[in-house]
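Engineer: only geometry, no sequence info:
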């Protein structure tokens, strides 16, 4: 049983199936530690009362004899075959969710496993099983209770399914707690040992994509592909209401991240809750098709070690039969081989979504790419600014932070954002703009351009002709919306010069003048440079889906955020040892995507004003009490605020439908980077890379 507090009282009935409950206790009746209690059971069922002095797990065994009322000390030794009635040992029960562990001297116990071996053990539940997957349950009886090593084992699961044998197989069909009892009877029938009212916890287990069996990995990828090919209406008719197609998920992400007023999902405290709820929603859509599936995670810190010297595109992740080539060599950057060949972007989407690009494709509105398939490119405007995946050192630094606000920031940024940029990439005519490289704008170009778009200066065509040249259909900054000089737009109007300055060694701020300058430039040269910089930012070019608000099109998107949650769960499980301040918040860093303004477009849409009104405030979707657009994960019609979903994500929450397979980072230990937060580590110094949208 579990003692929840230093003065918690537990009452144990003398009859099988008694359930412990907490109650008041006083110092006078407190038992000392390591006290062995013995009591007598009478026909009325009175029991032994004990006050547990210390919190923690406590083992309990109840001894009785059938049809015998008297002192427990007179009971025959189990297995001795003594006369006067069959000897019975009643093993301790645990609560309805499998909490608690069995001590090494527990007379009768059991283990669970499947083709992946023994189940995970880092959580509070003693026995975790998986739904819709065959589980092997194996009994264990201490040798001293069976002199001949024989006897029979009888299992009862959920008071419905009965089996016999030392090892039996059972398929649990639903997540949650399941009851279990086990009875051993000696060969001659003279002795029995009972494990009554035990239980197991049934959860989906999320595993690293490379540790899946070939069958399970193909099952996941094939079912994920189904969401691209089978529209929601047909899928729901066939698989039920939880099915949604990929266009549903892309639209939802676009409405959160590509809204004109602000980014409701990224660059603030809502980053984690939104994406993990999003992943769970997809997972339940996949499970509507195949109930054995859970979403795996991609531990790309392993790839960071394997490809430290370059060549990350050669990772097994990018095999044709897995997620497809990392950077297609054709001019359109389209995957043309394997499972994801020519995966379509929804066309004629204006009736489906109010956010599309100029060609009516379900894409980010500033991404004027006319190619109707999802795209990838391993360069950003002709350069590889990230040559490797986030590293063990970055993960270790993130996990050692002492507050949720600080961890939210690194999960938004350096531990995950670069993967989006590396796989998505960016290209277009803007690459040739001299200001891109002269002032170091390329790494943050798309993020800065997107901010200009939100402020109303970047405008993209309402429609473009499919027959026309893609180079003729691009975003720009029309003269009609320019309400100042290029310098004024970049400074007073938008504040973007702050991030341009942080990216460029040549640009600096003169405190005395209160003005930005460029080293070695004359006033006229500076004027020309500001104009060139603004011109470069007015054309976002084209970007692969992973570097845009339509990132869910790329199948690699779905195995990234599980990686982030695993890291966060690991930290939360360690919080009893190393304190974690879980106050809701976000530790803002100097990132170009984190501008902290909300732009009101209502007067522009009404035809009254030319530009939106942008003010410094928290974007809706990031407050602790803001509702997130995800509901009904438990089938109860429940809704969630950010903070409620964060509580729901608590690793040991009985209602959370999944766990992770392990929290081992042996590959990091092997290179001398410890993930053990209880051991001090030298901080890893790094600048915050730009986020991907």
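Structural biologist: Received the coordinates, thanks. A quick note: this is a predicted structure, and the numbers were derived from the prediction, not measured.
Engineer: where does pLDDT dip in the stretch 551-693 of the chain?
Structural biologist: Applying pLDDT under 70 to the stretch 551-693 of the chain flags residues 590, 592-593, 681-693.
Engineer: next one: the chain
Structural biologist: Along the chain, segments meeting pLDDT under 70 span 1-105, 147-149, 467-471, 590, 592-593, 681-693.
Engineer: top strand in it by residue count?
Structural biologist: Ranked by residue count and defined by DSSP state E, the top strand of the chain is strand 191-202.
Engineer: how about the strands in the stretch 501-650 of the chain?
Structural biologist: 507-510, 515-518, 542-543, 597-600, 613-616, 627-631, 639-641 (DSSP state E, counting those that start in this stretch).
Engineer: please identify the most buried of those.
Structural biologist: Of the strands of the stretch 501-650 of the chain, the one with the most neighbours on average (mean count of other Cβ atoms under 10 Å) is strand 542-543, at a mean of 30. All C-beta atoms are positioned from the backbone trio N, CA, C, and that covers glycine.
Engineer: tell me the strands beside that one, with direction?
Structural biologist: In the sheet, strand 542-543 lines up against strand 426-427 (antiparallel) (DSSP bridges).
Engineer: so the longest helix along the chain versus strand 627-631, what angle?
Structural biologist: Ranked by residue count, the top helix of the chain under DSSP state H comes out as helix 271-289. Counting by axes from the mean of the first three to the mean of the last three Cα atoms, to 10 degrees, helix 271-289 lies at 10 degrees to strand 627-631.
Engineer: helices and strands around whatever helix or strand comes next after helix 271-289, which ones?
Structural biologist: Counting by DSSP states H and E, the next helix or strand C-terminal to helix 271-289 is helix 301-306. In terms of contacts (3 or more Cβ pairs under 8 Å, 6 or more residues apart in numbering; DSSP states H and E), helix 301-306 is packed against helix 392-399, helix 666-670.
Engineer: try it again with 7 Å
Structural biologist: Applying 3 or more Cβ pairs under 7 Å, 6 or more residues apart in numbering; DSSP states H and E, one finds that helix 301-306 contacts helix 666-670.
Engineer: give the buried residues for the helix it packs on.
Structural biologist: Residues 667-668 are the ones in helix 666-670 that count as buried (16 or more other Cβ atoms under 10 Å).
Engineer: how about stretch 646-661?
Structural biologist: Counting neighbours by 16+ other Cβ under 10 Å, stretch 646-661 gives 646, 648-649, 651, 654, 656-661 as buried.
Engineer: switch these over to a markdown table; also include secondary structure and distance to residue 107.
Structural biologist: Below are these laid out as a markdown table (DSSP: H, G, I helix; E, B strand; the rest coil; distance: Cβ to Cβ, whole Å):
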| residue | secondary structure | distance to residue 107 |
| --- | --- | --- |
| 646 | helix | 42 |
| 648 | helix | 38 |
| 649 | coil | 38 |
| 651 | coil | 31 |
| 654 | coil | 28 |
| 656 | coil | 33 |
| 657 | coil | 33 |
| 658 | strand | 33 |
| 659 | strand | 29 |
| 660 | strand | 33 |
| 661 | coil | 31 |
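Engineer: return the closest of these with respect to residue 558.
Structural biologist: Nearest to residue 558, judged by Cβ to Cβ, of the buried residues of stretch 646-661 is residue 658 at 14.0 Å.
Engineer: neighbouring contacts of stretch 208-228?
Structural biologist: With Cβ atoms under 7 Å, 6 or more residues apart in numbering as the test, stretch 208-228 has contacts from 115, 245-246, 285-286, 289-290, 292-293, 296-299, 316, 322, 339, 343, 555, 558-559.
Engineer: distance between that stretch and the chain's centre?
Structural biologist: The chain centroid and the centroid of stretch 208-228 are separated by 17 Å under Cα atoms, centre = their mean, to the nearest Å.
Engineer: next one: stretch 118-128
Structural biologist: 19 Å.
Engineer: make 52 the starting number, not 1.
Structural biologist: In the new numbering, first residue 52, that becomes stretch 169-179.
Engineer: residue 416 is nearest to which of the strands of the stretch 552-701 of the chain?
Structural biologist: Using Cβ to Cβ, the nearest of the strands of the stretch 552-701 of the chain to residue 416 is strand 593-594, at 12.1 Å.
Engineer: which other residues reach the closest one?
Structural biologist: 418-420, 475-479, 497.
Engineer: mind listing which of those are in strands?
Structural biologist: Taking DSSP E as the definition of strands, those contribute 477-478.
Engineer: out of the contacts of strand 593-594, which is nearest to residue 448?
Structural biologist: Taking Cβ to Cβ as the measure, residue 448 sits nearest to residue 475 out of those, at 24.6 Å.
Engineer: my read is that residue 445 contacts residue 465, right?
Structural biologist: Yes. Using Cβ atoms under 7 Å, residue 445 makes contact with residue 465 at a distance of 5.3 Å.
Engineer: dump the residue contacts of residue 511.
Structural biologist: Neighbour list for residue 511: 409, 416-417, 419, 526 [criterion: Cβ under 7 Å, 6+ apart].
Engineer: so can I have CSV of the residues you listed showing neighbour count and distance to residue 254?
Structural biologist: Converted to CSV, the contacts of residue 511 look like this (neighbours: other Cβ atoms under 10 Å; distance: Cβ to Cβ, whole Å):
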residue, neighbour count, distance to residue 254
409, 22, 45
416, 22, 40
417, 26, 41
419, 25, 44
526, 22, 46
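Engineer: helices - which of those land there?
Structural biologist: Short answer: the contacts of residue 511 have none in helices (DSSP H).
Engineer: list the contacts for residue 255?
Structural biologist: By Cβ under 7 Å, 6+ apart, the contact set of residue 255 is 181-182, 226, 345, 708-709.
Engineer: scratch that, residue 409 is what I was asking about
Structural biologist: So residue 409 contacts 419, 511-515, 524 (Cβ under 7 Å, 6+ apart).
Engineer: same thing but 10 Å
Structural biologist: Contacts for residue 409 (Cβ atoms under 10 Å, 6 or more residues apart in numbering) come out as 416-421, 511-516, 521, 524-526.
Engineer: related to what we said a few turns ago, buried subset of the contacts of stretch 259-279?
Structural biologist: The buried subset of those (16+ other Cβ under 10 Å) comprises 296-297, 336-337, 340, 343-344, 347-350, 373, 390, 394, 606, 609-610.
Engineer: dihedrals phi and psi, the residue lying closest to residue 385 once chain neighbours are set aside?
Structural biologist: In space, and not counting its chain neighbours, residue 385 is closest to residue 424: 4.6 Å by Cβ to Cβ, 6 or more residues apart in numbering. Backbone torsions for residue 424, taken as degrees, to the nearest 10, come to phi -130, psi 160.
Engineer: cool, and the one 10 residues further on?
Structural biologist: Per-residue torsions, residue 434: phi -130, psi 150 (degrees, to the nearest 10).
Engineer: could you pull up the residues touching the residue lying closest to it once chain neighbours are set aside?
Structural biologist: Once flanking residues are discounted, residue 434 sits nearest to residue 493: 5.9 Å by Cβ to Cβ, 6+ apart. Contact analysis of residue 493 by Cβ under 10 Å, 6+ apart lists 430-434, 436, 477, 481-482, 484, 486-487, 554, 587.
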